[in-house]
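>>> structure for the following, please:
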Amino acid sequence: MIRFLKHNMIDKERWDKCIDKSFNGNIYAWSWYLDIIHPQWDALVENDYDRVMPLTASRKLGISYMFQPFFTQQLGVFSKSQLSKEDIDRFIEAIPNQYRLVKYKLNSYNKVDYLSENILSHRNIELDLIYDYQHLYNRYNNNTKRNLAKAESAGLSINSGIYPETIIELFKNNRGKDVKHWGDKEYDRLVHLIHTAISKECCLTYGVNNLDGKTISGAVFMFSHDRIIFLFSGSDDASKDKHGLTMILDNVIREFSETQYTLDFEGSDNDGLARFYKGFGGEEVFYPELRINNFKGIFKFVYEKLSN
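Predicted coordinates:
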């Protein structure tokens, strides 16, 4: 039986035991992660926490809606045993109708009908690190190899354990200027998330310095369930030609080659970013987004337009 639980009814210890044993668990599903990214999240729970689904809902103008929080690429149903399409359908049907709008990304192990009008498809890029570094390097495309050579010839140096705030400032002062929907609340939440993950020993940060000792690129990686999630990065626009981010990704691939890890680039539907990630030999994996509009009549049409 699938039960709907409000946040204060969720047994976090049993929840995390389920996530720990889930064949499709990921970093986003841990209770501590959800508590930071979306406090007061609710849940669907089957039986004795055998399968679980976090529900990330909010209210705006008196309307309850369910959406994908920042820094959570894939949520959905997590399970100790294999999942069928029928299992996923049961969880979707159990989502309370009180959520008038739903825009929620499931995970790549959640089987759905991609032809359904309620399902959108998103692209991710992943790289299996089980091979030795030379084998992985040989799969880089020519452009990636060329950019890596430029970074090395520029005398860049890479450092681990740099302050998360340094990476976030790099982002805010460069690409972040064009990201209008992020404010202090989102950045503060990201700082809290990274520091918490570092304290739990499931996060590494890297930075690249130029010859003057200035940090020109930085990146954050999260570790869980044999996956390395490329969560966040920042780079100095004026040093784009130095290819610091290419150097960081190559370093992670080198450091964790011949392991059970999969490097998850966390995107992207953007063709340019996807091309960049695939340049490291990454392969496309798709995951679904659930769209539900529970409004009636003209309101259904209006909110359908507003939500696109």
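
>>> now the strands for the stretch 51-200 of the chain?
Secondary structure of the stretch 51-200 of the chain (DSSP state E, counting those that start in this stretch): strands at 51-55, 57-60, 63-66, 78-79, 101-105, 119-128, 157-160.

>>> just grab the bridge partners of the nearest residue to Lys278 once chain neighbours are set aside for me.
Nearest-residue entry for Lys278: Ile125, 5.9 Å, with adjacent residues in sequence omitted and distances by CB to CB, 6 or more residues apart in numbering. C-beta coordinates here come from the backbone N, C-alpha and C atoms, glycine included. Beta-bridge pairing of Ile125 under DSSP bridges involves Glu284.

>>> which residue sits closest to the spatially most central residue of the chain, ignoring its sequence neighbours?
Centroid-nearest residue in the chain: Gln73, 3.4 Å away (criterion: CA atoms, centre = their mean). Nearest residue to Gln73, sequence neighbours excluded (CB to CB, 6+ apart): Glu266, at 5.2 Å.

>>> quick one, grab the pLDDT at that neighbour.
Looking at Glu266, its pLDDT reads 95.

>>> what do you get for Ser81?
With respect to pLDDT, Ser81 has a value of 97.

>>> try Glu284
97.

>>> next up, the contacts around it.
By CB atoms under 8 Å, 6 or more residues apart in numbering, the contact list for Glu284 reads 123-125, 274, 278.

>>> most widely separated two among the residues you listed?
Using CB to CB, the pair of the contacts of Glu284 lying farthest apart is Asn124 and Lys278, separated by 11.1 Å.

>>> which one of these two is surrounded by more residues?
Between Asn124 and Lys278, Asn124 has the larger neighbour count (other CB atoms under 10 Å), namely 22 against 17.

>>> now the more buried one, nearest residue through space, not along the chain?
Val285 (4.8 Å).

>>> separation between the one you found and Ala238?
Applying CB to CB, to the nearest Å, the value for Val285 to Ala238 is 34 Å.

>>> what's the answer for Lys111, then?
Distance, Lys111 to Ala238, by CB to CB: 46 Å.

>>> one more: Ser217?
Noted for Ser217: a distance of 12 Å to Ala238, by CB to CB.

>>> for His225, give its distance to Ala274.
Where Ala274 is concerned, His225 sits at a distance of 23 Å (CB to CB).

>>> in this structure, where's the longest helix?
Identified as the longest helix of the chain according to DSSP state H is helix 184-199.

>>> that helix: how far from the chain's middle?
In terms of CA atoms, centre = their mean, to the nearest Å, the gap separating the centre of helix 184-199 from the centre of its chain is 14 Å.

>>> kindly report the same for stretch 119-131.
Offset of stretch 119-131 from its chain centre (CA atoms, centre = their mean): 11 Å.
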